[in-house]
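Q: Provided below for reference: sequence and predicted model.
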Amino acid sequence: MTQRQIEWAMWANEQAVASAFILISGGAIGIAGLFKGWEFGIYGILAGIFVLIIEYPRGKRKTKHSTQERKCQRTLSRLLNCCGPVTRNYFVRFIMHLVLCVPACFILATLLGGVCLFITSMIYMVAAFRGEEWVAVGLEEKEEDPVRELKSFKQPRKPPPRFRGPVQEEGENRV
């Protein structure tokens with residue numbers, strides 16, 4: 001029996017997107033609720049948007065190459081692909097999320113987002129130690145097979161069916 005390999009980066013990516021939304025909403029509550037230290041609410045919104053931009057594009061799966069793309073992810077994938085090893089390496093993402101979660105824990109409104117980012121960073125640490133790396137989805141050029149296109153123009157072997165009209169009985173008069 002073969003053992004399946006867990007792809008930790010996929011879990012971390014989904015956790016990071018959820019953390020970004022939680023951090024943005026917590027920051028909005030921190031500002032609107034006039035919390036003491038509401039400036040951390042502004043930080044929560046800005047950090048959440050930054051995490052969302054970095055984490056929105058899904059990476060290509062290692063085992064099954066059938067990764068479902070998110071809507072409109074290709075432009076952000078191109079941006080992350082241009083940044084090179086800084087955005088592909090999960091050690092960098094581990095450190096980035098760990099640093100971003102600390103100021104989010106200073107007020108109650110953004111505390112849940114900060115804890116979620118901390119959990120995200122721990123999952124990315126596991127993915128980094130397992131040797132996973134982010135690879136862009138959908139940016140590779142698909143090679144067209146000219147032989148397949150020619151095969152679609154095969155000559156038919158049977159003639160098309162012909163319509164003869166209604167079948168008449170022997171006793172009916174033909175006009």
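A: Received it, and whenever you're ready, just let me know what you need.

Q: can you give me the helices in this structure?
A: Taking DSSP state H as the criterion, the chain carries its helices at 8-32, 39-55, 74-82, 85-88, 90-104, 108-129, 146-151.

Q: those helices: which one's closest to Val135?
A: Evaluated over the helices of the chain, closeness to Val135 peaks at helix 85-88, with 7.3 Å, by C-beta to C-beta. Every residue, glycine included, has its C-beta placed from N, CA and C.

Q: give me the distance from that closest one to the chain's centre.
A: Relative to its chain's centre, helix 85-88 lies at 16 Å (C-alpha atoms, centre = their mean, to the nearest Å).

Q: in it, which residues are buried?
A: For helix 85-88, the buried set under the neighbour-count rule, 16 or more other C-beta atoms under 10 Å, comprises Thr87, Arg88.

Q: what packs against that helix?
A: helix 74-82, helix 90-104 (3 or more C-beta pairs under 8 Å, 6 or more residues apart in numbering; DSSP states H and E).

Q: hmm, back to that, kindly reformat the helices of the chain as TSV containing distance to Pro159 and mean pLDDT.
A: Listed next are these as TSV, based on distance: least, C-beta to C-beta, whole Å; pLDDT from 0 to 100:
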stretch	distance to Pro159	mean pLDDT
helix 8-32	53	92
helix 39-55	59	92
helix 74-82	47	75
helix 85-88	58	78
helix 90-104	62	92
helix 108-129	61	93
helix 146-151	21	52
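
Q: hang on, the earlier thing: winner for burial among the helices and strands packed on helix 85-88?
A: Comparing those by mean neighbour count (mean count of other C-beta atoms under 10 Å), helix 90-104 ranks first with a mean of 20.

Q: circling back to that earlier point, could you export the helices of the chain as a markdown table, including distance to Lys158?
A: Output for the helices of the chain, formatted as a markdown table (distance: least, C-beta to C-beta, whole Å):
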| stretch | distance to Lys158 |
| --- | --- |
| helix 8-32 | 49 |
| helix 39-55 | 56 |
| helix 74-82 | 44 |
| helix 85-88 | 55 |
| helix 90-104 | 58 |
| helix 108-129 | 57 |
| helix 146-151 | 18 |
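
Q: which among these is found nearest to Arg157?
A: Each of these has some distance to Arg157 by C-beta to C-beta; the shortest is helix 146-151, at 14.2 Å.

Q: circling back to that earlier point, which one of the helices and strands packed on helix 85-88 lies nearest to Pro57?
A: For the helices and strands packed on helix 85-88, proximity to Pro57 was assessed by C-beta to C-beta; helix 74-82 is nearest, at 4.3 Å.
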